[in-house]
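Peer 1: With the input below, show me the fold.
(one chain, ligands or ions: 1)
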Amino acid sequence: MELNICHLYPDILNLYGDRGNIITMKRRLESRGISVNVDECSIGQPLDVDKYDIFFIGGGQDFEQEVLLRDLASGKGKDICTAVDEEKVFLAICGGYQMLGQYYKTWDGVQLDFIGAINVHTIGAKERMIGNYMYRTTPESSGSIVVGFENHSGKTYLGEDVAPLGMMIKGYGNNGEDQTEGARYNNVFATYSHGSLLPKNPVLCDFILQTALDRRYGKTEPLVPLNDTLELNAHNYMEQRLSK
Ligand SMILES: NC(=O)CC[C@H](N)C(=O)O
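Peer 2: Residues are numbered from 1 along each chain as shown. Purely as a prediction, here's the structure:
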């Protein structure tokens, strides 16, 4: 088996080492003998939607998000919507999550009209939501505890047809108001978790990989377990700290 991963806008949306999620997916697949190809697609480069099983979009500041608008409007936004409708797997972080939504109105009143691949919108607040945080994903998204780090001014609100990725245990999540965190629509997994999302949360990582394999090959054998001692040490340390 093999999976093809597309890293969208790696040179623009690249906060807090979000790229580590791609390294983790690749390593965890290759450890099971599954080949992985990773391509990058940025501004001005055509996107061949059919070629990919997983799309990854990292986080970025308001400025970088604005830089992308023209490229998205020139056709890539539509291509991304097609991929979402075709139930391709997406992992989108923070600014990349907001970009999949309808729009982002920044705290200083600038409206960025995004692609509407998922029915969410984001309104910037003056006070940023920053810190280590923790949530439990819904059963449809692995039902596991996720530890992470969030840093955003945007408050995201989910539309009717979009489920949360999880429910908050500690921290702000989507908006600091309704206890939801992230979004799940078709095979889109969107979250505010930066940096070490998949390295520290191997259960969620394998769930996402299994989803991509099942979509491409039909129902596949469960992924064989790996030795996750280090990953779970890091996970459990944060979980304990955040439980206090
Ligand atoms: N960390 C990020 O990706 C930031 C996203 C967005 N610019 C915000 O502040 O809400």
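Peer 1: Please make it C-alpha for all contacts and neighbour counts, starting now.
Peer 2: Noted.
Peer 1: Contacts only, for the closest residue to residue 132 other than its chain neighbours.
Peer 2: Sequence neighbours aside, residue 149 is the residue nearest to residue 132 in space, at 4.3 Å (criterion: Cα to Cα, 6 or more residues apart in numbering). Counting by Cα atoms under 8 Å, 6 or more residues apart in numbering, residue 149 makes contact with 130-133, 192-195.
Peer 1: Quick check: phi and psi at residue 149.
Peer 2: Residue 149 has phi and psi values of phi -130, psi 130 when expressed as degrees, to the nearest 10.
Peer 1: how near is it to residue 35?
Peer 2: 30 Å (Cα to Cα, to the nearest Å).
Peer 1: In which helix or strand does residue 190 reside?
Peer 2: According to DSSP states H and E, residue 190 maps onto strand 188-191.
Peer 1: correction: residue 81
Peer 2: Following DSSP H and E, one finds residue 81 within helix 77-85.
Peer 1: Do a quick rundown of the helices in this protein.
Peer 2: 20-30, 62-67, 69-71, 77-85, 95-100, 197-200, 202-217, 229-243 (DSSP state H).
Peer 1: Distance from the chain centre to the strand holding residue 190, please.
Peer 2: How far strand 188-191 lies from its chain's middle: 4 Å, per Cα atoms, centre = their mean, to the nearest Å.
Peer 1: who's in contact with the residue nearest to residue 11 when sequence neighbours are not counted?
Peer 2: In space, and not counting its chain neighbours, residue 11 is closest to residue 42: 7.2 Å by Cα to Cα, 6+ apart. By Cα under 8 Å, 6+ apart, the residues touching residue 42 are 8-12.
Peer 1: Scan the residues you listed and report the most crowded one.
Peer 2: Counting neighbours by other Cα atoms under 10 Å, residue 8 leads those with 22 neighbours.
Peer 1: hey, C-alpha coordinates of the least confident helix or strand in the chain by mean pLDDT in PDB?
Peer 2: The helix or strand of the chain with the poorest confidence is helix 62-67; it has a mean of 90 (mean pLDDT, DSSP states H and E). Coordinates of each C-alpha in helix 62-67 appear next as PDB, following Å, rounded to 0.1, in the frame of the first residue of the first chain:
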ATOM      1  CA  ASP A  62      -3.200  37.000   9.800                       C
ATOM      2  CA  PHE A  63      -0.700  38.500   7.300                       C
ATOM      3  CA  GLU A  64       0.200  35.200   5.800                       C
ATOM      4  CA  GLN A  65      -3.400  34.200   5.500                       C
ATOM      5  CA  GLU A  66      -4.100  37.400   3.500                       C
ATOM      6  CA  VAL A  67      -1.200  36.700   1.200                       C
END
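Peer 1: wait, does that helix contact the ligand?
Peer 2: Yes - Helix 62-67 is in contact with the ligand by Cα under 6 Å from any ligand atom, via residue 62.
Peer 1: Give me the contact list for that helix.
Peer 2: Residues from elsewhere that reach helix 62-67, judged by Cα under 8 Å, 6+ apart: 12-13, 95, 99, 106, 112.
Peer 1: Kindly identify which of the residues you listed also come near the ligand.
Peer 2: Within these, those near the ligand by Cα under 6 Å from any ligand atom are residue 95.
Peer 1: could you dump the contacts of helix 62-67 to TSV with pLDDT?
Peer 2: Putting these into TSV (pLDDT from 0 to 100) gives the following:
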residue	pLDDT
12	94
13	93
95	96
99	97
106	94
112	95
